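1. prediction below, plus the sequence it came from.
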Amino acid sequence: MTRYRLLLQQVRTLGRYTSDEEAERVLHAVLTALGSQLAGEERCDLAAVLPERARATFANQIPLPQPVTAPTFVEAVARALNTSLTGARWDVSSVLAALADLAGDRLTDRLLVRLPRGYALLFGRADLAVAA
């Protein structure tokens, strides 16, 4: 099985999607949105661990000057998939949890440092605030 098929199967399992086509549609939408959120070294490092087909979707996006908030990110995915915010949150979490597994803890930690607060939960991580 190719690396892309393995990623797709993981997304399908985590999201409990009924078909590969549905999982692939969600994967594509989330990678497209994520590609506009990350820049710099973390973007390159994530692209390097993605299977080629997923990398192309991710890397073809032009990064925004500043990443959007997690709720705005979920809203963008909801629009792309024509689904509810609750459904989009599920879809985003299914894909980002699979990407966190693929990327490993160190890279995922670095991604979360680059993204605004609120993304950790979407990656399946605790969103702990640093005490002031």
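-> Cool, got the structure. This one's a predicted model, so the numbers in the text were calculated from it and none came from an experiment. Numbering: from 1, shown residues only.

2. what stretches of the chain score poorly on pLDDT?
-> Applying pLDDT under 70 to the chain picks out residues 128-132.

3. again, 80 this time
-> For the chain, residues meeting the criterion pLDDT under 80 lie at 1, 127-132.

4. what is the longest helix of it by residue count?
-> helix 85-103 (DSSP state H).

5. elements contacting that one?
-> helix 3-15, helix 20-35, helix 40-49, helix 70-81, helix 105-114, helix 119-122 (3 or more C-beta pairs under 8 Å, 6 or more residues apart in numbering; DSSP states H and E). From N, CA and C alone the C-beta is placed, and that goes for glycine too.

6. quick one, which of these is nearest to Ala98?
-> Closest approach to Ala98 among the helices and strands packed on helix 85-103 (C-beta to C-beta): helix 3-15, 4.3 Å.

7. for this protein, which residue is closest to the average position?
-> Nearest to the mean C-alpha position of the chain, by C-alpha atoms, centre = their mean, lies Leu96 at 3.7 Å.

8. brilliant, that's me finished.
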